[in-house]
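Colleague: Sharing a model that was predicted from the sequence below.
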Amino acid sequence: MNQPETLTMAQALTRALRDAMAEDESVVMFGEDVGPLGGVFRITDGLTAEFGDARCFDTPLAEAGIVGVAVGMAMNGMRPVVEMQFDAFAYPAFEQVVSHVAKMRNRTRGQVALPIVIRIPYAGGIGGVEHHSDSSEAYFAHTPGLHVVTPSTVADAYGLLRQAITSADPVIFFEPKKLYWSKEQAALGAGVPPIGTAAIRRDGTDATLIAYGPTVPLALEAADVAAQEGRSLQVVDLRSLVPFDDQTVCDAVRSTGRAVVVAEASGFASVSSEIVARVTDRCFHYLAAPIRRVTGFDIPYPPPKLERFHLPDVDRVLDAVDDLQWEDS
Amino acid sequence: MNQPETLTMAQALTRALRDAMAEDESVVMFGEDVGPLGGVFRITDGLTAEFGDARCFDTPLAEAGIVGVAVGMAMNGMRPVVEMQFDAFAYPAFEQVVSHVAKMRNRTRGQVALPIVIRIPYAGGIGGVEHHSDSSEAYFAHTPGLHVVTPSTVADAYGLLRQAITSADPVIFFEPKKLYWSKEQAALGAGVPPIGTAAIRRDGTDATLIAYGPTVPLALEAADVAAQEGRSLQVVDLRSLVPFDDQTVCDAVRSTGRAVVVAEASGFASVSSEIVARVTDRCFHYLAAPIRRVTGFDIPYPPPKLERFHLPDVDRVLDAVDDLQWEDS
Amino acid sequence: MDHLVMTSDPRRLLPSDAPVRLISPEGEPVPHETYRLPSGEALLAAYAAMTTARRVNDQASALVRQGRLAVYPSSHGQEACQVAAAQVLTDDDWLFPTYRDVAAMVARGLDPVEALVLLQGDWHCGHNPYERKVAPQTTPLATQLPHAVGVAHAARLKGEPTVVMALCGDGATSEGDFHEALNFAAVFQTPVVFFVQNNRYAISVPLARQTAAPSLAHKGVGYGIPGEQVDGNDLAALLAVLGTAVERARGGAGPQLVEAHTYRVQAHTNADDPTRYRDEAEVGAWVARDPLRRLGTFLENRALLTAEQAAALDKDADDVAAAMRAGLSKDAEPDPARLFAHVYQTPTPQLAEQAALVADEISRMVDG
Amino acid sequence: MDHLVMTSDPRRLLPSDAPVRLISPEGEPVPHETYRLPSGEALLAAYAAMTTARRVNDQASALVRQGRLAVYPSSHGQEACQVAAAQVLTDDDWLFPTYRDVAAMVARGLDPVEALVLLQGDWHCGHNPYERKVAPQTTPLATQLPHAVGVAHAARLKGEPTVVMALCGDGATSEGDFHEALNFAAVFQTPVVFFVQNNRYAISVPLARQTAAPSLAHKGVGYGIPGEQVDGNDLAALLAVLGTAVERARGGAGPQLVEAHTYRVQAHTNADDPTRYRDEAEVGAWVARDPLRRLGTFLENRALLTAEQAAALDKDADDVAAAMRAGLSKDAEPDPARLFAHVYQTPTPQLAEQAALVADEISRMVDG
Ligand SMILES: Cc1ncc(C[n+]2csc(CCOP(=O)(O)OP(=O)(O)O)c2C)c(N)n1
Ligand SMILES: Cc1ncc(C[n+]2csc(CCOP(=O)(O)OP(=O)(O)O)c2C)c(N)n1
Ligand SMILES: [Mg+2]
Ligand SMILES: [Mg+2]
């Protein structure tokens, strides 16, 4: 365990990779531009210099190949961590992920495990041009056999990535791009709950905001504003989409009786749909109003100058909260 | 409009392709084995013989290439209909579908339309080995810019495919494999409602079963059994997942106050989650119980000898109906 | 040119103009300037394995006709390729088979009954891949090729002498994964032999719809990988060419691409109807080039295979077939609990719930 | 060999041993046995376009520094390729550009301001692709190549004389879509020229990590496509090689693969830091091979370009740059209603609801 220090999420991720590679020499990192450049977001900065080109290396430009090679390396005793440069550039690897990464353990009745981490910088808010801001978590969360996690804090970025790397199963690790430069004081490695556990980021009694990744800071901001208006909002950070922490989420929603799910991805047939469906099923008689969703629209991700109209914001979250059929309104 | 006749869903699909190709010479059909062989399910039987190898042709074995070439042909005035041989073999084309087929019209502000139909035989129940029984509709339904439809009747197979081919937008056309050989009397081309419209397949007053594609006959069977047990179940066939017919579905659920969604795909972050979420949101105060789901489990599709444990069946549907908090139980 | 570095000599990478052949279709030796005929001993061992391979294929097809196997994509007529792919490997090496390569798996030492579990419908893979270093058979075409590269690359990083034999068909060479795998292997000089069984059809699609290349082996040069083509019904030539490629890879010289010219003499699977897309004359010409008869004639002519030996081999093959019939007649149903047991190392809470539901249903069925 | 059909002659498909060059880096003509120097008139027109292309590149980069353009992947130093790709085409032909090919789009007649809409962040594509037959710029690497094949294949089915020029970079050749597109085009003899600008880097990844092939043009033979390599900083050679390829394709002889050896002298984009992965000396050597200066020297030495003409071209380029500055300084925000208008021909009921929500928010903002 480390001393508390102030660092960005990007730095915490770099440290997680570094520490994992130092601890276990079967951990290898590869992808496009992850070598000398350190990745387009510099998450792999310094790894090639420290561990050599055999442990952190650039590959040809071919995402299916990258994931496919990771499958083979994992079959032969390595723990590959691969980077997809941006969300939409993971799509070429979709068949490898769905038909192999997700299925190998099951196919071989547990004999071949694939401890692979696929890191995907995702979501918007950074002014990226087309194909650089997709929220693609639903595709993976719907696919049995994968773990899907996404940090919203610096401490979680470190802790969840370390856990993902030691996991015996493949993990799709979604990194919220716009939080890369968020700063926080954290004692890396300390007290991070395991994959599969949600966290209550703020207590509240009137309604529960359920968020993950890039929308957690937004939910907290909305709760701040709501507090000024006299409404007490609880904020749950899912941290792990698969496995899903039914217990924590349902306890939270039962305690308030009202909930809003906040996610950047398009809403239709998404993770947010699942949250509404399963929480409603489990908490139906506790609910004073249907669980609302504030999500990205069902449109292709917009160009930079229009993305603010697409992304959930504080007003939209508070409008949704206002819609939760309060007796006094 | 044609005379009523008795035919299988497979035959109806072949007729739809044939009639569309005869009517509009910009319609071309291509894919793997769709030429002289007529496709592994014989849906394109006779088309090469009738229209020549320029209109219905075999391609090299490359699904991304097939869809990518379809994009270009559509850009240049054709109406390509392509066949993915099986559900899981559409995954290599995922990037082309998500990043181009779904986005071209929006990208070009309506200047480049892509009237493409991607036919995907899907779902299980035919004893297929691994990768031959996936229900992959969620991946596409979650992707803005695509229409996603699936017939459950012979008349719809013909009517929806004809509509898909004349649609100005790309349509993912899911063909339920196990219904290919289902027979029915139908007057092809008559009275098929447009894409975007659900159909009430059976009236009922106690609860609503919401199904699509391969689970519609199952829902009807369950309703038959329930009727014998004195419970009156309504059956809605979605027909179109995108656009979704909120009106018909919500009217139905409001009329009964209880609902079960029945789908083959794994439930997590799926179309069935969406149905529960949106219908609950719109019908909350009409619901006597939370909407239940009977879906495939969150596991890779099982091998032939175990698929019956995975697939929704009458008992599971009726168990779910029993769970809908009836006053008398 | 001042600023262009030629990273490898293109001529060196091109395949022979004609497929390498060491034994003629009539069973006579053919001299070759590069490749030598394997020893009589090696050829006899290969012939023995080929006899078994043929019997495995034909027994499996018979089991399909009897309804005891759901489907079988036979490699009947391609057994020389199947046997050579397995026999040039050491125990340290890996074999990556497709759905059509059951005979190669058996030639590597797998129990045919385990190798048929996929096609029997019990489970997706019936053997432990680590036991004989045989990967699960892959259905999504060409997707196994990058896996093969990954296994080999990991071995190299670990300093192990492993070579990986990665199989695919002519159709699979059109997939993007074929391209990406060969390119990776070339860039990292990974010890993989990519072995394409060009049986001239991908289900119904003939080679001419799959490629316009002079040969599939000509794809090698575009990656900086040497390509070679070989008569796929000549087991001697296959052993020589594949053996050389494996030893070259083991020596650190990187990957190689080998194309075997052969033919799918039977239907794609029992569900197929080849009369729709090819005529009997074409098939007949290839039946006449049968690999088993060719090597048999060669060995007999040279007294390397006696009548007794041949009878003994047939007997061994009979035993294998009998064991297959016995093994596949067991009707034990797989346990439904299996569905949930290996999706993850530890089932998620969601899966535990779902498993409990099925267990409950089953107990109610048993009770009720 | 009895049963092997060679579908095409491999030697005919291999590229020249060295990249085709018609003008030396010093501006002197280089004789070539196959390709002829274009006419003085053609070269002057090309030089004019290259002058503009260079100015477009540098003006765009300046706009990035001033914060008026979000990002710009410049083709500075690759302008010979950019201009040649456009100039060998007729109005019937199509151009398929990548994100780095703004200069080629402008050379084909597009307004630079429209061509920069993507990078400015207003919308994903600023021009009507049908107007000048220029496809939207593609970001997902190599995915535009099968589109190009499809446009060309449709043209052939319709009996139209269209040829399609499909651009990509060296990095993009590693993607599966590159492979699938070339293979389709070869099998169907589709009139496409695949033009690879090998600028030796894919962001930070050098060519040696991208391929071990003797040259990228050597990939052609594996598809049965003729490959050719050309000096990418020699506009005369590019016009000759690409022009021949286009006319060959138009004549029905099928696709061709052309690799231009050039160099990305600037950063990948402004977000990049090339000091991390290459040294100045390497860059400097390539700056010395500048395509603009090379052709300029050639033309001046032969009195094909006078000082007044050069000044007039500079003036034209100044005007283009001024129009770019003016066009890109307009700060009008795109209308949010656009978000929902073109997802489908007719918005789904779901989208109509969502559009209404945004409209309502905006009206409340305006009101409140
Ligand atoms: C990605 C993918 N697409 C389609 C299929 C369906 N399919 C199964 S076998 C086959 C033909 C394969 O031909 P080839 O590679 O030549 O191998 P062969 O069957 O001749 O041994 C096809 C199209 C598949 N399995 N995977
Ligand atoms: C499928 C895909 N993967 C990754 C990227 C991210 N990316 C953008 S440009 C680039 C390098 C491309 O190199 P090259 O093809 O040589 O073209 P150049 O930029 O040199 O013109 C990468 C990796 C992408 N755009 N698409
Ligand atoms: Mg084949
Ligand atoms: Mg490049």
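Modeller: Nice, I can see it. Ligands and ions are numbered 1, 2, ... in the order given.
Colleague: switch to C-alpha atoms for all contacts and neighbour counts from now on
Modeller: Will do.
Colleague: Now do C:Arg293 against C:Gln87, distance only.
Modeller: 19 Å (Cα to Cα, to the nearest Å).
Colleague: part of a helix, is A:Phe309?
Modeller: Yes. Checked against DSSP: H, G, I helix; E, B strand; the rest coil, A:Phe309 lies within a helix.
Colleague: wouldn't it be in contact with D:Pro336 here?
Modeller: Yes. At 6.9 Å, A:Phe309 and D:Pro336 qualify as touching, with contact defined as Cα atoms under 8 Å.
Colleague: overlap in contacts of these two?
Modeller: Taking Cα atoms under 8 Å, 6 or more residues apart in numbering or on different chains as the criterion, A:Phe309 and D:Pro336 both touch D:Val358.
Colleague: wait, does the helix or strand where C:Asp319 lies contact chain B?
Modeller: Take DSSP states H and E as the rule and C:Asp319 turns out to sit in helix C:307-329. No. Under the criterion of Cα under 8 Å from any Cα of the partner chain, helix C:307-329 makes no contact with chain B; the nearest approach is 13.7 Å.
Colleague: got the contact list for that helix?
Modeller: So helix C:307-329 is in contact with C:Ala48, C:Thr51, C:Thr52, C:Arg55, C:Val56, C:Gln59, C:Leu63, C:Arg68, C:Leu69, C:Pro112, C:Val113, going by Cα under 8 Å, 6+ apart.
Colleague: can you pull the buried residues of the helix or strand just after that helix?
Modeller: For helix C:307-329, the following helix or strand on the C-terminal side (DSSP H and E) is helix C:338-341. With burial defined by 16 or more other Cα atoms under 10 Å in any protein chain shown, the residues of helix C:338-341 counted as buried are C:Leu339, C:Phe340, C:Ala341.
Colleague: Redo the residues you listed as JSON lines? Include distance to A:Arg293 and pLDDT.
Modeller: Below are the buried residues of helix C:338-341 laid out as JSON lines (distance: Cα to Cα, whole Å; pLDDT from 0 to 100):
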{"residue": "C:Leu339", "distance to A:Arg293": "33", "pLDDT": "98"}
{"residue": "C:Phe340", "distance to A:Arg293": "31", "pLDDT": "98"}
{"residue": "C:Ala341", "distance to A:Arg293": "34", "pLDDT": "98"}
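Colleague: restrict the residues you listed to contacts with chain B.
Modeller: Filtering the buried residues of helix C:338-341 for neighbours of chain B using Cα under 8 Å from any Cα leaves C:Leu339, C:Phe340.
Colleague: low-scoring stretches of chain A, by residue?
Modeller: Along chain A, segments meeting pLDDT under 70 span A:1, A:328-329.
Colleague: For it, which residues are neighbours of ligand 2?
Modeller: Proximity of chain A to ligand 2, by Cα under 6 Å from any ligand atom, involves residues A:Gln85, A:Phe89.
Colleague: Helices of chain A, start to end?
Modeller: Ranges of helices within chain A are A:9-23, A:47-51, A:63-75, A:94-96, A:104-107, A:137-141, A:154-166, A:215-228, A:246-256, A:271-283, A:307-310, A:314-322, based on DSSP state H.
Colleague: What lies in contact with the fourth one?
Modeller: In this case it means helix A:94-96. With Cα under 8 Å, 6+ apart as the test, helix A:94-96 has contacts from A:Ala64, A:Val67, A:Gly68, B:Ala88, B:Tyr91, B:Pro92, B:Phe94, B:Glu95, C:Thr143.
Colleague: Around the fourth one, count how many other residues there are.
Modeller: B:Ala88 is surrounded by 24 other residues when neighbours are defined as other Cα atoms under 10 Å in any protein chain shown.
Colleague: Now do the same contact list for it.
Modeller: Per Cα under 8 Å, 6+ apart, neighbours of B:Ala88: A:Glu95, A:Ser99, B:His131, B:His132, B:Ser133, B:Asp134, B:Ser136, C:Pro140.
Colleague: What of C:Val117?
Modeller: The neighbours of C:Val117, taking Cα under 8 Å, 6+ apart as the test, are C:Trp123, C:His124, C:Cys125, C:Gly126.
Colleague: ok, now C:Val192?
Modeller: By Cα under 8 Å, 6+ apart, the residues touching C:Val192 are C:148-149, C:152, C:163-166, C:185, C:246, C:249, C:254-256.
Colleague: Serialize these to JSON lines and add fields for distance to chain D, secondary structure and neighbour count.
Modeller: Below are the contacts of C:Val192 laid out as JSON lines (distance: Cα to the nearest Cα, whole Å; DSSP: H, G, I helix; E, B strand; the rest coil; neighbours: other Cα atoms under 10 Å in any protein chain shown):
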{"residue": "C:Ala148", "distance to chain D": "17", "secondary structure": "helix", "neighbour count": "33"}
{"residue": "C:Val149", "distance to chain D": "15", "secondary structure": "helix", "neighbour count": "36"}
{"residue": "C:Ala152", "distance to chain D": "18", "secondary structure": "helix", "neighbour count": "30"}
{"residue": "C:Val163", "distance to chain D": "20", "secondary structure": "coil", "neighbour count": "34"}
{"residue": "C:Val164", "distance to chain D": "20", "secondary structure": "strand", "neighbour count": "31"}
{"residue": "C:Met165", "distance to chain D": "21", "secondary structure": "strand", "neighbour count": "29"}
{"residue": "C:Ala166", "distance to chain D": "18", "secondary structure": "strand", "neighbour count": "25"}
{"residue": "C:Ala185", "distance to chain D": "9", "secondary structure": "helix", "neighbour count": "30"}
{"residue": "C:Val246", "distance to chain D": "20", "secondary structure": "helix", "neighbour count": "26"}
{"residue": "C:Ala249", "distance to chain D": "16", "secondary structure": "helix", "neighbour count": "22"}
{"residue": "C:Gly254", "distance to chain D": "11", "secondary structure": "coil", "neighbour count": "23"}
{"residue": "C:Pro255", "distance to chain D": "11", "secondary structure": "coil", "neighbour count": "34"}
{"residue": "C:Gln256", "distance to chain D": "13", "secondary structure": "strand", "neighbour count": "30"}
